[in-house]
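Asks: Everything below, folded, please.
(2 chains)
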Protein chains: 2
Amino acid sequence: MNDRFLRACRREPVDRTPVWIMRQAGRYLPEYRAVRAGIPFLTLCKTPEKAAEVTLQPIDILGVDAAILFSDILIPLEPMGVGVRFDEGGPVLAPPELTLERMQQLAVPDPVETVPFVLDTIRILRRELAGRVPLIGFAGAPFTLASYVVEKGGSKDFLKLKRLLFERPEVAHTLLGKLADTVGLYLRAQIEAGAQAVQIFDTWAGILSPRDYDEFAGPYVTRVIEALPRPGVPVIHYVNGGAGLLERMKAAGGDVIGIDWKTSLADARRRLGASVAVQGNLDPVALFLPREKLEERVAEILGQGASGPGHIFNLGHGIYPDTSPDAAKFLVECVHRLSAAGGAPRQQQQQQQ
Amino acid sequence: MNDRFLRACRREPVDRTPVWIMRQAGRYLPEYRAVRAGIPFLTLCKTPEKAAEVTLQPIDILGVDAAILFSDILIPLEPMGVGVRFDEGGPVLAPPELTLERMQQLAVPDPVETVPFVLDTIRILRRELAGRVPLIGFAGAPFTLASYVVEKGGSKDFLKLKRLLFERPEVAHTLLGKLADTVGLYLRAQIEAGAQAVQIFDTWAGILSPRDYDEFAGPYVTRVIEALPRPGVPVIHYVNGGAGLLERMKAAGGDVIGIDWKTSLADARRRLGASVAVQGNLDPVALFLPREKLEERVAEILGQGASGPGHIFNLGHGIYPDTSPDAAKFLVECVHRLSAAGGAPRQQQQQQQ
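Replies: Prediction:
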């Protein structure tokens, strides 16, 4: 079994730096688009055989070191009582009125009863992967899910959300608590169904000031992590735009801190110390570079990651839909080739620490 | 004359922490909306008497410690040969085709001939301010202006811009060089007309990885600053989302580093050291807080700012149009009151360093 991803999560020595790609099962792959043709996005998420099929595509095509469940972070919101649909412009949510009473009435649904298709997908995947690579489950963090609920979809400046946090914090905290309990149960169920690691996407927490992160985002990630079985599977904690929050993300929890491309990985490692692994952090637009320049950037990030044990190579954000699959394939090959070559000095460095 | 803003820029002792507000002349003020009624935005920018009138409004209404020229960062683009208009969704640009040849043909216009209205506005303002508070001029940084040119307006992910940087860097560098030369002449003319400080807005540089910042943003800010008269007026260098770039912003230049709310001011001061002043960094949404909570945040930021000399209080980004003018007024009063009270221990702290 290729377990270098799990070994890196635990900061153990690896033969090569493991690599996977956020949104690796996605529109940039013609094979994905072929499955998607004629199936609405949410139907794909809810059809285990199809969801498993697209999850597996990048394993075969790119040779990445981990599979990540194909799903959407908004999936657990529907059984809570928040309508979710997707149109051309992205997700459109129909939440209850944002009052204290309505938030108190939100359900904390049992995932086995309400989202069995996710758990079935995981079971199919574990069987079909047959140990080839580990399977990552995932969920949105409470703060990030709250942003979709309050904004009723995506947002540019999250003004509605932030006004709720500031003007009616008790409503916000009630919503965040319900989301944390829901996500805790949801990830626990994914792990019980077979997920071998989980990533918590706090994609939008980077819009917060450090003090607001400490009130509205960090503690709810902690609450989710505390709901998971211990000792358990590795938890990856990812924030986009978290350059000002790295120490706080670490304090909130996670075995691996996932970072975007807007901090240098060297700085991130220095700030985070040796007790957590790191995941990242190539700018996804770098996949449009000519190969020799892309390779330079990969080498640079590998060099920064190799300053300590526990580096999982990834993009700093999801892969763009118009990326060439060949570029993604080259990236994976490049990470493996360059990190294998640099293996010996890396282990020496580790021993020095 | 109230010179505490200029003193803080130079890291000299002040009686109170100076405060101004990004977009302080703007739509949140009914007095501004009254002037704007019936005048298109660009016409207002190009009519010195009117532009001066709205510049002065927040001085009288809020009691801020500096005036900032009312204008738009896109103003110098028109005489370069880039069409600019504003519609409901924001700016719409009509740049030449993005080829090397076209970029080489871009004009580097003389501001005295092409944007005399800006210089006239500054002259009117210096006369009308009569030394009450200093006047800040400003310009967009080359990278940020390039983002509007390439995206033909605002953008969510700046994918066109970043693809240009990565796929045709020689085209990007030619454009950035023309913009740097234009902005250098433009700010120099503002200073010669009477601007007593200038702010360079590199609003979008925070989308770049540190290595790309070092190639595409930082050096062009340096080139602008090198074009200004020396010894000259204080330069404020502002980036939104620059938490991963603070040391690089300082290296690029500026007497004052302007930061958004996504880094704590304490961290920023530690990272930047004592040789530059800092400006910031209240989350603009905090102006929707109840007063006692707003006051808490102001006190916290003042405490962090007082760890060394040279703090100018500001928001971390522009004030929102639906902010209450009373909240803005309270903010200014609060900064002055709390920092006057803390004056003595602050000066002691400074002496200890």
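Asks: is it fair to say A:V198 lies in a strand?
Replies: Yes: the assignment for A:V198, made by DSSP: H, G, I helix; E, B strand; the rest coil, places it in a strand.
Asks: who touches the residue nearest to it when sequence neighbours are not counted in this structure?
Replies: Leaving aside its sequence neighbours, A:V198 sits nearest to A:G137 (C-beta to C-beta, 6 or more residues apart in numbering or on different chains; 4.6 Å). Just so you know, the C-beta spots here come from the backbone N, C-alpha and C atoms, and that holds for glycine as well. When contacts are counted by C-beta atoms under 8 Å, 6 or more residues apart in numbering or on different chains, A:G137 touches A:I68, A:L69, A:I122, A:L187, A:Q190, A:I191, A:A193, A:A195, A:A197, A:V198, A:Q199.
Asks: Double-check that A:G137 belongs to a helix.
Replies: No: counting by three-state DSSP, A:G137 falls outside a helix, being strand.
Asks: distance of it from chain B?
Replies: Plainly put, A:G137 is 27 Å away from chain B if you go by C-beta to the nearest C-beta, to the nearest Å.
Asks: Then A:V82?
Replies: Distance of A:V82 to chain B, computed by C-beta to the nearest C-beta: 23 Å.
Asks: go on, A:M249?
Replies: On the measure of C-beta to the nearest C-beta, A:M249 and chain B end up 12 Å apart.
Asks: list the contacts for that residue?
Replies: A:D202, A:G218, A:V221, A:H237, A:V239, A:G242, A:I257.
Asks: name the helices or strands packed onto the helix or strand harbouring the third one?
Replies: Assignment of secondary structure by DSSP states H and E places A:V221 within helix A:218-226. The contact analysis (3 or more C-beta pairs under 8 Å, 6 or more residues apart in numbering or on different chains; DSSP states H and E) places helix A:218-226 against helix A:142-151, helix A:169-193, strand A:197-202, helix A:246-252.
Asks: buried sites along the last one?
Replies: For helix A:246-252, burial by neighbour count (16 or more other C-beta atoms under 10 Å in any protein chain shown) applies to A:L246, A:R248, A:M249, A:K250, A:A252.
Asks: Return the alpha-carbon coordinates of it using PDB.
Replies: Extracted in PDB, the C-alpha atoms of helix A:246-252 (Å, rounded to 0.1, in the frame of the first residue of the first chain):
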ATOM      1  CA  LEU A 246      -1.400  30.300  11.300                       C
ATOM      2  CA  GLU A 247      -0.600  30.100  15.100                       C
ATOM      3  CA  ARG A 248      -4.300  30.300  15.900                       C
ATOM      4  CA  MET A 249      -5.200  27.600  13.400                       C
ATOM      5  CA  LYS A 250      -2.600  25.400  15.100                       C
ATOM      6  CA  ALA A 251      -4.100  26.200  18.500                       C
ATOM      7  CA  ALA A 252      -7.600  25.300  17.200                       C
END
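Asks: Kindly confirm whether my reading is correct that A:P142 touches A:G184.
Replies: No: counting by C-beta atoms under 8 Å, A:P142 does not reach A:G184; the two are 9.3 Å apart.
Asks: Which neighbours do those two have in common?
Replies: A:R223, A:V224.
Asks: out of the two, which sits in the busier spot?
Replies: A:P142 (28 against 20; other C-beta atoms under 10 Å in any protein chain shown).
Asks: who's in contact with that one?
Replies: If you count contacts by C-beta under 8 Å, 6+ apart, then A:P142 has A:L176, A:G177, A:L179, A:A180, A:V183, A:A217, A:Y220, A:V221, A:R223, A:V224 around it.
Asks: Just list the residues touching the nearest residue to A:I225 once chain neighbours are set aside, thanks.
Replies: Using C-beta to C-beta, 6+ apart and skipping the chain neighbours, the partner closest in space to A:I225 is A:G253 (4.2 Å). Shown in contact with A:G253 (C-beta under 8 Å, 6+ apart): A:V221, A:T222, A:I225, A:V235, A:H237.
Asks: next one: A:F143
Replies: A:L176, A:D202, A:W204, A:A205, A:L208, A:F216, A:A217, A:Y220, A:V221.
Asks: all strands of chain A, in order?
Replies: Along chain A, counting by DSSP state E, strands occupy A:67-68, A:83-87, A:90-94, A:135-140, A:197-202, A:235-239, A:256-258, A:277-282, A:311-315.
Asks: and among these, the most buried is which?
Replies: With neighbours taken as mean count of other C-beta atoms under 10 Å in any protein chain shown, the strands of chain A reach their highest mean count in strand A:311-315, at a mean of 28.
Asks: Output it as CSV, restricted to C-alpha atoms.
Replies: Extracted in CSV, the C-alpha atoms of strand A:311-315 (Å, rounded to 0.1, in the frame of the first residue of the first chain):
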residue,chain,number,x,y,z
HIS,A,311,5.0,17.9,4.3
ILE,A,312,2.1,17.0,2.0
PHE,A,313,2.3,18.7,-1.3
ASN,A,314,-0.9,20.3,-2.6
LEU,A,315,-2.1,23.4,-4.3
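Asks: what packs against that strand?
Replies: For strand A:311-315, the elements it packs on are helix A:4-9, strand A:277-282, helix A:291-305, judged by 3+ C-beta pairs under 8 Å, 6+ apart.
Asks: Please name every helix or strand in contact with the first one.
Replies: Yep, that's helix A:4-9 we're talking about. Looks like helix A:4-9 contacts strand A:197-202, strand A:311-315 (3+ C-beta pairs under 8 Å, 6+ apart).
Asks: Make a markdown table from the ones you listed and add mean pLDDT and distance to B:G310 to it.
Replies: Converted to a markdown table, the helices and strands packed on helix A:4-9 look like this (pLDDT from 0 to 100; distance: least, C-beta to C-beta, whole Å):
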| stretch | mean pLDDT | distance to B:G310 |
| --- | --- | --- |
| strand A:197-202 | 98 | 34 |
| strand A:311-315 | 98 | 38 |
